[in-house]
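1. Sequence plus the predicted model coming up.
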Amino acid sequence: MASSPMASSTPSARPNRRFRQLRGQRSPGEFAAVIRRAAHEIGERVSCDARYIGRVEAGEIRCPNYAYERVFLHMFPGRTLTDLGFAPRSAVRGRGARTESRAPASHTTIPLYESSPSGPTGPETHECDPYEIQSHEESDVRRRAFMSGTASAAAASLGSFGFAAPSPAEATARRGGRAGEAEVSAVEEAVRQIRLLDDRHGADGLYRRAATPLRTAYALLDAGTNRQSTADRLHTGAGELAISVGWLAHDSGRFDDARSHYAEALATARMAADPALEAHAFCNTAFLARDAGRPREAVRAAQAATRAAVRLSSPRLLSLVSLREAGGWAGLGDRAGCEQALARAHALFDRGPSDADPEWMTFYGPAELEGLEAQCWSALGDWTRASRHARRAVSVASAQTPQFTRNIALYTAELADDLARAGRPDEAATAGMRVLALLDEVQSSRIQSMLATTARVLLPHRRASGVCGFLERHASLPRVV
């Protein structure tokens, strides 16, 4: 069993004051944007945001990975990593750094510095934040464990619904028959079932099982239908199913798989001339791009979603895609662009629901609006403002949509991290304990990653009220190996 995040962090992290001096009067988000531009100048791609800057300045990242090293040395010619306040790579990667533990890192994101060819790393392993790109190897680790705990029951529920063998839809697809009302209805109901289970349990236990109805839906599309109205419904249903499966991949850290599914949905939308499906596909693509460290792509995808959505007369849909755009601007460190998109999102949201609102937007209410805004301020490094919006999201979701367990856990994890970074460790630990209590019901790599990051931030504050208890309970969670 792998070591806990506590074991993989250093209790004696020292703030990197030299790096903080280099930032000067710029905000963490603005400095992150400068670093990304410098990376582009030399052909590197780094997913730098305010969180990364905060971790460097706090001393959590003792030595950057090679890509960041090249960028930093390009930005500050004539200086070494030591001049920038980092520890020598030999001190981090050397034999001494590995003697205490031979276990691999428990968290499943790419380490911020590259591990040695021998494989396992020791107690000084530092990992990227929850929105960094994740590796195929680590995704495979999650796949091997996807049927554990409550997630197993959720996946079984999906398997027993609609497409469990021998379902009429699957039988029709296998024999090459044309799809009719029963098959199209089964596709549509599978989409609803996936969304319901994700809201309750999170994505980790559902992804593989959901791939079966998706394959069936596209096989039915290939087989054809007898009526154009049936074909239109089947295209929409298959596209929405591709987006739902893509979201399960997205939320469980399989970013490449998610990108493929979203692209498949977008192609389906274009072939069917379906603006609602196109807007949905671009909306999710924008969200994925932000999470994968491609903020400019997030902005462009959100703007494309807006162009499709204006044909639908749904202010709430336009509000959501404006929030996706705001997230991209925040990732770029563009505070003005982010604030403009947020103002537009609020104005559109205040126009209220409409009969034209898509069915898939049932999750988008006041709590989600607050939660997404919290993520924007967090990316910009405004932790106090972020925590205020995250707290509102938790409060509203708990009162109005208690059935959305996964979202409540997500908002609470965001709140815990924002409070920790805002210098309120006792409140952060309390919020973190609430998230831990929900993990029996929710299986989400995103939430687990955020919680692990919060634990690392809180480690130097273990003497604060409640922090030690949170760290101990978090360390006792079962680890995937």
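-> That came through fine.

2. C-alpha only now, for contacts and for neighbours.
-> Noted.

3. and Leu477, what is it in contact with?
-> For Leu477, no contacting residues are found, by C-alpha atoms under 8 Å, 6 or more residues apart in numbering.

4. can I assume it sits in a helix?
-> No - under DSSP: H, G, I helix; E, B strand; the rest coil, Leu477 falls outside any helix and is assigned coil.

5. where does it land on pLDDT?
-> pLDDT, Leu477: 80.

6. What of Asp49?
-> pLDDT at Asp49 comes out at 86.

7. and the gap between it and Gly253?
-> 18 Å (C-alpha to C-alpha, to the nearest Å).

8. go on, Cys338?
-> In terms of C-alpha to C-alpha, Cys338 sits 25 Å off from Gly253.

9. Looking at these two, which is more packed in?
-> Gly253 (31 against 26; other C-alpha atoms under 10 Å).

10. Shouldn't that one be within a strand?
-> No - assessed by three-state DSSP, Gly253 does not belong to a strand; its assignment is coil.

11. these two touch, right, it and Gln443?
-> No - using C-alpha atoms under 8 Å, Gly253 makes no contact with Gln443, being 11.8 Å away.

12. So what does Phe31 have for phi and psi?
-> phi -70, psi -40 (degrees, to the nearest 10).

13. Skip the chain neighbours and tell me the closest residue to it.
-> Arg23 (6.2 Å; C-alpha to C-alpha, 6 or more residues apart in numbering).

14. before we move on, what about Phe287?
-> Arg324 is the one closest to Phe287 (C-alpha to C-alpha, 6+ apart), at 6.1 Å.

15. list the contacts for that neighbour?
-> Counted by C-alpha under 8 Å, 6+ apart, Arg324 has contacts 283, 286-287, 298-299, 302.

16. quick one: average confidence on the host helix or strand of Ala249?
-> Using DSSP states H and E, Ala249 maps to helix 228-251. On average, the pLDDT along helix 228-251 is 84.

17. which helices and strands sit right next to it?
-> Other elements packing on helix 228-251 under the criterion 3 or more C-alpha pairs under 8 Å, 6 or more residues apart in numbering; DSSP states H and E are helix 181-201, helix 207-223, helix 255-272, helix 275-291.

18. Check these for me and report the most buried one.
-> Using mean count of other C-alpha atoms under 10 Å, the stretch among the helices and strands packed on helix 228-251 with the greatest mean number of neighbours is helix 275-291 (a mean of 26).

19. got the contact list for the following helix or strand past that one?
-> The C-terminal neighbour of helix 275-291 among helices and strands, as given by DSSP H and E, is helix 295-309. Contacts with helix 295-309, where a contact means C-alpha under 8 Å, 6+ apart, come from 275-276, 278-283, 285-290, 317-318, 321-322, 324-332.

20. about what we covered before: could the contacts of Arg324 be laid out in JSON lines, adding pLDDT?
-> Shown next, in JSON lines, are the contacts of Arg324 (pLDDT from 0 to 100):
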{"residue": "Cys283", "pLDDT": "97"}
{"residue": "Ala286", "pLDDT": "97"}
{"residue": "Phe287", "pLDDT": "95"}
{"residue": "Ala298", "pLDDT": "96"}
{"residue": "Val299", "pLDDT": "97"}
{"residue": "Ala302", "pLDDT": "97"}
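
21. what about the stretch 1-150 of the chain, any weak spots by pLDDT?
-> 1-12, 89-150 (pLDDT under 70).

22. what comes into contact with the host helix or strand of Arg344?
-> Assigned by DSSP H and E, Arg344 falls within helix 335-349. For helix 335-349, the external contacting residues (C-alpha under 8 Å, 6+ apart) are 315-316, 318-323, 325-330, 373, 376, 380.

23. Recalculate using a threshold of 6 Å.
-> Here helix 335-349 makes contact (C-alpha atoms under 6 Å, 6 or more residues apart in numbering) with 315-316, 319, 322-323, 326, 329-330.

24. from those, which would you call buried?
-> 315-316, 319, 322-323, 326, 329-330 (16 or more other C-alpha atoms under 10 Å).

25. now Met271: how far from Glu278?
-> Counting by C-alpha to C-alpha, the gap from Met271 to Glu278 is 10 Å.

26. My error: substitute Leu439 in the last question.
-> From Leu439 to Glu278 the distance is 34 Å (C-alpha to C-alpha).

27. Pro315 too?
-> For Pro315, the distance to Glu278 - C-alpha to C-alpha - is 16 Å.

28. hmm, back to that, tabulate the buried ones among the contacts of helix 335-349 (CSV), appending distance to Pro213 and secondary structure.
-> Formatted as CSV, these follow (distance: C-alpha to C-alpha, whole Å; DSSP: H, G, I helix; E, B strand; the rest coil):
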residue, distance to Pro213, secondary structure
Pro315, 32, helix
Arg316, 29, helix
Ser319, 31, helix
Ser322, 31, helix
Leu323, 31, helix
Ala326, 34, helix
Trp329, 36, helix
Ala330, 36, helix
